[in-house]
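A.B. asks: here is a sequence with its predicted model. Questions after.
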Amino acid sequence: MLAANCFVLRNDREAVVIDPGGNPEVILPLINERELLYIVNTHGHYDHIAANNDLKARFSTQLAVSKYDSNMLLNPDLNLSTMVDARYISVAPDILLDDGDKLAIGGESLEIIYTPGHTKGSVSIKMGQVLFSGDTLFYRSIGRTDLPTGSFDELENSIRTRLYVLPDDTKVYTGHGEATIIGEEKRYNEWVRIDD
C-alpha cells in the first residue's frame with residue numbers, strides 16, 4: 001500500500017514482521033512455518049499496518065506499536081485509511097512500546113528508539129548495525145510532518161539526537177524508498193544535515 005516497505009526478519013525457526021502495510025499474500029510465504037514472534041508497527045498509519053489483521057488471524061503472535069500511536073490503529077481517521085477510502089481498523093495491540101524496549105528474535109535484540117515527529121508515537125528499530133527508520137528518515141529526505149500529530153521540530157530533534165548519534169556505517173532501511181546509511185544522511189540530507 002502506497003509503496004511502503006515491509007521487512008521480514010527471520011531465522012530457521014522464528015520471524016518478526018516490521019510494518020506489514022498490505023499484501024499478506026507476499027508476506028505469508030516468507031514466514032512459512034516459522035513462529036511469528038511479533039508484528040511491529042513503526043507508527044500507526046494505514047500504509048504500515050494494513051496487514052496486521054491478516055497476520056494476527058493466521059499466527060499466534062503479538063502486535064507491538066508505540067503507546068502514543070496505539071489509538072491510531074483503531075481509528076480510520078487517525079490512521080489515514082479514510083484518505084484512501086479504506087476505513088481500516090486494526091486489531092488492538094498486545095504490546096505498547098516505549099523508548100529502550102527490547103524484543104528478542106533468536107540471539108538478536110530489536111531495540112526500540114522513540115523518534116517522534118512523523119507521528120507522536122513514531123519509533124525506529126535498531127538491530128546491531130541496522131536501523132529500521134519507519135517514516136522518520138528516508139534516503140535524502142524525511143517523513144511528512146503535516147499530518148495529524150506530526151511535528152517538524154520533533155522530527156528534526158529525533159533525527160539529530162536519536163539517529164545521527166548512531167555510527168556512520170549504520171545501514172538504514174526506510175519506510176519508503178531505498179536504503180541508506182547514517183553517515184551519508186548526516187552529510188547529504190538537505191532537510192536535516194550535520195555540517196562539518
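C.D. replies: Now that the structure is in, tell me what you want to look at.
A.B. asks: show me where this structure has its strands.
C.D. replies: With DSSP state E, the ranges of strands along the chain come out as 7-10, 14-18, 35-40, 62-66, 95-97, 102-105, 108-114, 123-127, 130-134, 137-138, 141-142, 171-174, 180-181.
A.B. asks: I'd like those strands as TSV, with mean neighbour count and mean pLDDT appended.
C.D. replies: For every residue, glycine as well, the C-beta is placed using N, CA and C. TSV is the format used below for the strands of the chain (neighbours: other Cβ atoms under 10 Å; pLDDT from 0 to 100):
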stretch	mean neighbour count	mean pLDDT
strand 7-10	19	97
strand 14-18	23	98
strand 35-40	22	98
strand 62-66	24	98
strand 95-97	18	98
strand 102-105	15	96
strand 108-114	18	97
strand 123-127	24	98
strand 130-134	25	98
strand 137-138	26	98
strand 141-142	19	97
strand 171-174	19	98
strand 180-181	20	98
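A.B. asks: mind putting those in TSV, distance to F152 included?
C.D. replies: Putting the strands of the chain into TSV (distance: least, Cβ to Cβ, whole Å) gives the following:
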stretch	distance to F152
strand 7-10	26
strand 14-18	25
strand 35-40	25
strand 62-66	19
strand 95-97	23
strand 102-105	29
strand 108-114	17
strand 123-127	17
strand 130-134	16
strand 137-138	13
strand 141-142	8
strand 171-174	18
strand 180-181	20
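A.B. asks: between those strands, which gets nearest to M72?
C.D. replies: Ranking these by proximity to M72 (Cβ to Cβ) places strand 62-66 first, at 8.0 Å.
A.B. asks: between that closest one and strand 123-127, how big is the angle?
C.D. replies: Strand 62-66 runs at 120 degrees relative to strand 123-127, counting by axes from the mean of the first three to the mean of the last three Cα atoms, to 10 degrees.
A.B. asks: please name the strands paired to strand 62-66 in the sheet, noting orientation.
C.D. replies: strand 35-40 (parallel), strand 95-97 (parallel) (DSSP bridges).
A.B. asks: this completes my enquiry, with thanks.
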